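[1] 3D model of this:
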Amino acid sequence: MPVVFPLFIAGLLGWLSPTLPAPRRAFVYPASPTTKATFSNDGRLVLVGTQAGQIALFHGRTALLVREFAGHRKPISDLESWPDRDTVVSGDAGGNLLFWRTSDLTVLRRSHVSAPVKLVRVQPGKPQVAVAGRRMVWLVNTSGDSRRLLLPGLTGSDITAMAFSPDGAKLAVGYANGQLVVSDLATGQQQRVRQKTAIRDLAFGRDTLLTVSGDPVLTMWCHPGRNWVLTHSLPTAYPLTAVGKMGSTVALGSANGDVIVLTPGQENTQVVGHNPEPVSSVQKHPREALLLTTTASEPPKTWRLNE
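    Numbering: from 1, shown residues only. All right, here's what the predicted structure looks like:
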């Protein structure tokens, strides 16, 4: 009986413990710690930036390493794909920006900003990206080596989040002091609001702006007139660290590692994934019912949505 009893207890504990969602795939790159991941424009590949400066290209469905892009010499800070063509922008800790293709790893253009790159965002419908350093934001045009300083660091606080509106007309930038700056790129006008805590991540909806600040609340802003106004504060079970918009629903990453999907206006939420550490980014697959998450030290993972 000495073996049967421990097996019985283990089985009972397994029956009582909730089953955690398993990732569909994990994208492991043993040569270097990873920093950020994104999908290719068609979703077939998962691109994973590393501390060593390489970008690993994995097959999305099998998680097999397909090829490596070695154009950088500094740690990869951020990367993003154009939704309508095979072009990726990647930025590194040396201030370097590379625009390249995943199909043949050809570098299409190089650029540079005068600070380590922190975030890069592709402007919808334009050959242009927003590049954030610690306290400054540039607009960099991919058709030429033109750079324009959009936010010169007047807030006195570090940049923590950045996102374009779906039509590319506005750029929102969040700061560690809780300030949120929304710039109209056509007119140059800027609108500012302030939250009580640091903005960890933000995302645009069709007519809303969503922010998370490391507390268990999803904040929603709308723009009915001249100013952005707070409309909803949706409580959640755990502090939120990442947000991504996906149609009428919202994908969230939490400090306890949960990957959550909710629909504003409805009470129910779905936990579709769990990481062993806080989620730093969450992204919807361009075609399939999948989410991609990154954390500080775990391999990036995809999770299946219950649609």
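[2] so where's the stretch 151-300 of the chain shaky on pLDDT?
    For the stretch 151-300 of the chain, applying pLDDT under 70 flags the ranges 224-227, 230-232, 265, 267.
[3] and if we set it to 90?
    Applying pLDDT under 90 to the stretch 151-300 of the chain flags residues 151-156, 188-197, 205-208, 213-240, 245-249, 262-270.
[4] which residues in it form strands?
    Under the criterion DSSP state E, counting those that start in this stretch, the stretch 151-300 of the chain contains strands at 159-164, 170-175, 179-184, 190-194, 201-204, 208-212, 217-222, 229-235, 240-246, 249-254, 258-262, 269-274, 279-284, 290-295.
[5] for those, which one sits closest to W303?
    strand 269-274 (3.5 Å; Cβ to Cβ). Placement of C-beta: from N, CA and C, glycine included.
[6] can you redo the strands of the stretch 151-300 of the chain as a markdown table with mean neighbour count?
    Output for the strands of the stretch 151-300 of the chain, formatted as a markdown table (neighbours: other Cβ atoms under 10 Å):
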| stretch | mean neighbour count |
| --- | --- |
| strand 159-164 | 23 |
| strand 170-175 | 24 |
| strand 179-184 | 19 |
| strand 190-194 | 14 |
| strand 201-204 | 23 |
| strand 208-212 | 24 |
| strand 217-222 | 19 |
| strand 229-235 | 13 |
| strand 240-246 | 23 |
| strand 249-254 | 24 |
| strand 258-262 | 22 |
| strand 269-274 | 19 |
| strand 279-284 | 22 |
| strand 290-295 | 24 |
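[7] so can I have CSV of those showing distance to T35?
    Shown next, in CSV, are the strands of the stretch 151-300 of the chain (distance: least, Cβ to Cβ, whole Å):
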stretch, distance to T35
strand 159-164, 16
strand 170-175, 20
strand 179-184, 25
strand 190-194, 30
strand 201-204, 16
strand 208-212, 20
strand 217-222, 25
strand 229-235, 30
strand 240-246, 15
strand 249-254, 16
strand 258-262, 19
strand 269-274, 20
strand 279-284, 9
strand 290-295, 8
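[8] out of those strands, nearest to F58?
    strand 290-295 (10.8 Å).
[9] show me what whatever helix or strand comes next after that closest one is in contact with.
    Where DSSP states H and E defines the elements, the next helix or strand beyond strand 290-295 is strand 301-304. Residues from elsewhere that reach strand 301-304, judged by Cβ atoms under 8 Å, 6 or more residues apart in numbering: 21, 23-27, 46, 60, 259, 272-273, 275, 285, 289-293.
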